[in-house]
Every structure is written in C-alpha cells, then in structure tokens.
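Peer 1: Quick one, what's the 3D model for this:
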Amino acid sequence: QVQLVESGGGLVQAGGSLRVSCVMSGGTFRDYAMGWFRQAPGPEREFVATISRGGPYIRYGDSVKGRFTISRDNSKNTVYLQMDNLKPEDTAVYYCAAGGGPSLSPDAYTIWGQGTQVTVSS
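Peer 2: Sure thing, here's the model as predicted:
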C-alpha cells in the first residue's frame, strides 16, 4: 500500500522560512507526479505546487509564486516544499499528493498524506 507522510510543519513568524517534506513508502516514487495543496479552515483545498515525475515540469499557485519552491529527490522518495517570505495567510494544513501527471486539480491525485500544520504568526 502506497503511503505518503509529511513532516516539517510548525510555527514561524511572518517573513520567515520553513521546509516541509513528504516521503513515499510502498510504491515507486519516480512513477508519480507530486503535488502540494493546502487547506485553511473551510471546505476547499488550494493548489500550491506540482512537479512532474522527472522534475522538468513545475507549476505554482498564484498566491505562492516567487516565494515557494517545489523539488523532489527520487533517490530518497521525497518531495519538498521550501517556503520563504511566509505570510499569515499561508497558515493552513499542507498536504502532499501523488498522481499520474502534474495537475492543478486535487481530483487528479489518488494518494494523499495526512497533512502537516503550518502556522505563520504576524
């Protein structure tokens, strides 16, 4: 059974940085495109970033473009999200997800982690 486990969330002041990680187990990591989404209190998950299987294709949500960086290390079965210049509105639970191809839609991803909380204080 393929599983994703996020780590690295926490509390940070506005303007600070944080890196969250997501490790896959039970599957062939390089066969999956990976995405990061976030969910503040409310029903919808917001697209943050996606990266293709080999890494050449990357897209970011408009609200994080220029501040966040997605990367992956296929030798470690891990995808990262480096978050710089954090703002209070970045506060959310951050989820990683795996799917067949990079996509901005959460519906394209079939495997999800449990999420990690990121809180940005003003």
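
Peer 1: Quickly list what the residue nearest the centre of the chain is bridged to.
Peer 2: In the chain, the centroid-proximal residue (C-alpha atoms, centre = their mean) is residue 36; its distance is 2.6 Å. Under the criterion DSSP bridges, residue 36 forms beta bridges with residue 49, residue 96.

Peer 1: quick one: it and residue 48 touch, right?
Peer 2: Yes: with contact defined as C-beta atoms under 8 Å, residue 36 counts as touching residue 48 (4.2 Å). Quick note: C-beta positions are derived from backbone N, CA and C, even for glycine.

Peer 1: Could you tell me which residues touch both of the two?
Peer 2: Here residue 36 and residue 48 have 70, 81, 94 as joint contacts, going by C-beta atoms under 8 Å, 6 or more residues apart in numbering.

Peer 1: shouldn't residue 31 be in contact with residue 53?
Peer 2: Yes: if you go by C-beta under 8 Å, residue 31 and residue 53 touch, sitting 6.6 Å apart.

Peer 1: The two: who's more crowded?
Peer 2: residue 53 (18 against 12; other C-beta atoms under 10 Å).

Peer 1: Select only the buried ones of the shared contacts of residue 36 and residue 48 in PyMOL?
Peer 2: What follows is the PyMOL syntax for the buried subset of these, where burial is set by 16 or more other C-beta atoms under 10 Å:
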select buried, resi 70+81+94
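
Peer 1: Just the ones in strands from the shared contacts of residue 36 and residue 48, please.
Peer 2: Of those, the ones assigned to strands by DSSP state E are 70, 81, 94.

Peer 1: list the contacts for the closest residue to the first one other than its chain neighbours?
Peer 2: Spelled out, it's residue 70. Leaving aside its sequence neighbours, residue 70 sits nearest to residue 49 (C-beta to C-beta, 6 or more residues apart in numbering; 3.9 Å). Counting by C-beta under 8 Å, 6+ apart, residue 49 makes contact with 35, 36, 58, 59, 60, 61, 64, 68, 70, 81.
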